[in-house]
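Visitor: Build me a model:
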Amino acid sequence: MKKVAVIGSISTDFVVTTKIIPNQGETLVGESFQTFFGGKGANQAIALSRSGLDVSMIGAVGKDVFGQALIDNLKENGINTDMIQTVDTAESGSAHIQVMDGDNRIIIIPGANDRLSIDVVKQYQQQLQQMEMVILQNEIPVETIEYIIDFCATQRIQVLYNPAPAKEISEEYIEKVTYLTPNEHEAVLLFGNKERAEVLRNYPNKLIITLGNQGATFFDGEAEVIVPAQKVATVIDTTGAGDTFNGYFAKGILEGLTIAESLKLGNAASAIAIQTKGAQNGIPMYEKVVASL
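Guide: As a prediction, this is how the structure comes out:
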């Protein structure tokens, strides 16, 4: 079984479903409130685990009522949690999500996720050397992300970097990662207002830009390739769709599929995920994704 490590955020999602998003100073009555397990790192780890990979996670939770539940949830999903820290100097991370007509707006409180320091990661260098891929997102400190990319480059470990939520990163680190998977908005922050085709040509078979319900695109060295999304009759909740996509894209790559085939797998998995409420609830098992293809 392929080994992969996710280094990233672990959080609780507090989700309000509403028919109207309030304006500044306005109070409205929503439809429902629910809590879910989340965090981009944890979501991607669960997608990878449900795809059939051997997954370990490095992250941090607070010593509060949410921390142990977050760890237990990962264990129940078959993820090695031995490298998750419990810190008593911060609350566990949280995301506060408004959902309207299947789309969402999110405010993140990093909490303990911001305590995932370089010194913490250094403790697990030996375990990381056993991994075939390391997956990163932007919900942990930038200096930690840069250290991990440098370490993986020296050890020849593949890195899939999902630069979400959007932050600026230097060209040096883009060059060092194996795959970079921003959405359209994140790509604009990273590369400015350059034409998409130009940006993709600069990073053949590395840069994958996700296009929402249009699918995903990359440059294969000869031409721009668009892998279309699977059509869905009813969208319930897009929270976690990108994380599901990244997890299943990584699954395809590690199983020897081409980039285009891996994108097709990721698109199929995320199409299933958005038909269920909650970032992790809808993440499908591998057999269901294959059946949908």
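Visitor: helix, strand or coil for the nearest residue to residue 271 once chain neighbours are set aside?
Guide: Closest residue to residue 271 apart from its sequence neighbours, by CB to CB, 6 or more residues apart in numbering: residue 230 at 3.8 Å. Yep, even glycine has a C-beta here, placed from its N, CA and C like the rest. Secondary structure, DSSP: H, G, I helix; E, B strand; the rest coil: residue 230 is coil.
Visitor: got it, and residue 151?
Guide: The assignment at residue 151 comes out as helix when based on three-state DSSP.
Visitor: Which residue ranges of the protein form helices?
Guide: 40-50, 67-76, 118-122, 125-128, 142-155, 171-176, 184-191, 196-202, 241-254, 259-273, 286-292 (DSSP state H).
Visitor: send the alpha carbons of the lowest-mean-pLDDT helix or strand in the chain over as PDB?
Guide: Across the helices and strands of the chain, mean confidence by mean pLDDT, DSSP states H and E is lowest for strand 103-109: a mean of 86. Extracted C-alpha coordinates of strand 103-109, given in PDB (Å, rounded to 0.1, in the frame of the first residue of the first chain):
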ATOM      1  CA  ASP A 103     -22.200  27.400  -2.200                       C
ATOM      2  CA  ASN A 104     -20.200  28.600   0.800                       C
ATOM      3  CA  ARG A 105     -18.400  31.400   2.600                       C
ATOM      4  CA  ILE A 106     -15.800  30.500   5.200                       C
ATOM      5  CA  ILE A 107     -13.900  32.200   8.000                       C
ATOM      6  CA  ILE A 108     -11.100  30.200   9.500                       C
ATOM      7  CA  ILE A 109      -9.700  30.500  13.000                       C
END
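Visitor: Buried ones in it, by neighbour count?
Guide: Residues of strand 103-109 classed as buried by neighbour count (16 or more other CB atoms under 10 Å): 104, 108-109.
Visitor: same deal with stretch 165-184?
Guide: 169, 173-174, 176-183.
Visitor: pLDDT averaged over it - what is it?
Guide: For stretch 165-184, mean pLDDT is 94.
Visitor: And stretch 267-275, by the same measure?
Guide: 94.
Visitor: can you check stretch 60-75 too?
Guide: Mean pLDDT, computed over stretch 60-75, is 96.
Visitor: Wait, residue 90 touches residue 117, no?
Guide: No: contact between residue 90 and residue 117 fails when scored by CB atoms under 8 Å: they sit 11.9 Å apart.
Visitor: Looking at those two, which one has more neighbours?
Guide: Set residue 90 next to residue 117 and count neighbours by other CB atoms under 10 Å: residue 90 wins out with 18 against 15.
Visitor: That one - nearest residue in space that isn't next to it in sequence?
Guide: residue 112 (4.6 Å).
Visitor: Quickly note the distance from that neighbour to residue 143.
Guide: 17 Å (CB to CB, to the nearest Å).
Visitor: residues in contact with residue 95?
Guide: With contact taken as CB atoms under 8 Å, 6 or more residues apart in numbering, residue 95 is in contact with 11-14, 38-39, 106-109.
Visitor: Could you dump those into a markdown table with distance to residue 67 added?
Guide: Putting the contacts of residue 95 into a markdown table (distance: CB to CB, whole Å) gives the following:
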| residue | distance to residue 67 |
| --- | --- |
| 11 | 11 |
| 12 | 10 |
| 13 | 15 |
| 14 | 16 |
| 38 | 14 |
| 39 | 12 |
| 106 | 21 |
| 107 | 20 |
| 108 | 17 |
| 109 | 14 |
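Visitor: Next, count neighbours for residue 198.
Guide: Residues lying near residue 198 (other CB under 10 Å) number 10.
Visitor: I should have written residue 225 there, sorry.
Guide: Count around residue 225 with other CB under 10 Å applied: 18.
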